[in-house]
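build me a model:
(one chain, ligands or ions: 1)
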Amino acid sequence: MPECPRCKLINPSGTRLCDCGYALSLPPDMQAAAIRNPVSGGSSRRAVAILLIAAVGLAWTAYLLMINGSALLGIAPNNLAGVYMIVLIPVSLAVVGLAFILLNARK
Ligand SMILES: [Zn+2]
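Below you'll find the predicted structure:
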C-alpha cells in the first residue's frame, strides 16, 4: 500500500499514479514541476491571509473599544487614540492588500 508523499493518500498496491497526479513509481525529483509543490502550499497561504485579516479586525476592535470605553467613562479619547488611528489606517490597508495578494496568488 504505497502512501503518496505529496497528499498522504494511501493508494492500492500497484497504483502508478496517485489521484493528485503524483507518479508513485518515480523518485520525487522526477515528478512534473506542478507536482513537486506540496498540496498544502495554497491552503497555508490562505491561512496566513485569513490570519492577517483577523489581526486587522482585532486591531480595529481594540481601537473602537478604546474610543467607546473612554467615552463611557467620561474621559476624552487621549492622544494615544489619535496616534493609533494614524498608524492603524495605513497599516490595515497595507495588511488587507497583502492578504488579498496572498489569496489571489496562484503559485
Ligand atoms: Zn497524492
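
how about the longest helix seen in the chain against the ion, any contact?
Looking only at the chain and at elements set by DSSP state H, the helix with the highest residue count is helix 40-72. No. Helix 40-72 is not in contact with the ion by Cβ under 5 Å from the ion; minimum separation 11.9 Å. From N, CA and C alone the C-beta is placed, and that goes for glycine too.

restricting to C-alpha, output the worst-scoring helix or strand of the chain on mean pLDDT in CSV.
Least confident helix or strand, the chain: helix 33-36 with a mean of 72, by mean pLDDT, DSSP states H and E. Listed next in CSV are the C-alpha coordinates belonging to helix 33-36 (Å, rounded to 0.1, in the frame of the first residue of the first chain):
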residue,chain,number,x,y,z
ALA,A,33,7.0,20.6,-12.0
ALA,A,34,3.5,21.2,-10.8
ILE,A,35,3.5,18.1,-8.7
ARG,A,36,6.7,19.0,-6.8
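
buried set for that helix?
When burial is assessed from 16 or more other Cβ atoms under 10 Å, helix 33-36 yields the following buried residues: residue 35.

show me what it is packed against.
In terms of contacts (3 or more Cβ pairs under 8 Å, 6 or more residues apart in numbering; DSSP states H and E), helix 33-36 is not packed against any helix or strand.

give me the mean pLDDT for the longest helix of the chain.
The pLDDT scores in helix 40-72 average 83.

buried residues in whatever helix or strand comes next after that helix?
Per DSSP states H and E, helix 40-72 leads on to helix 79-104 as the next helix or strand towards the C-terminus. For helix 79-104, the buried set under the neighbour-count rule, 16+ other Cβ under 10 Å, comprises 84, 88, 92, 95, 99, 102.

this completes my enquiry, with thanks.
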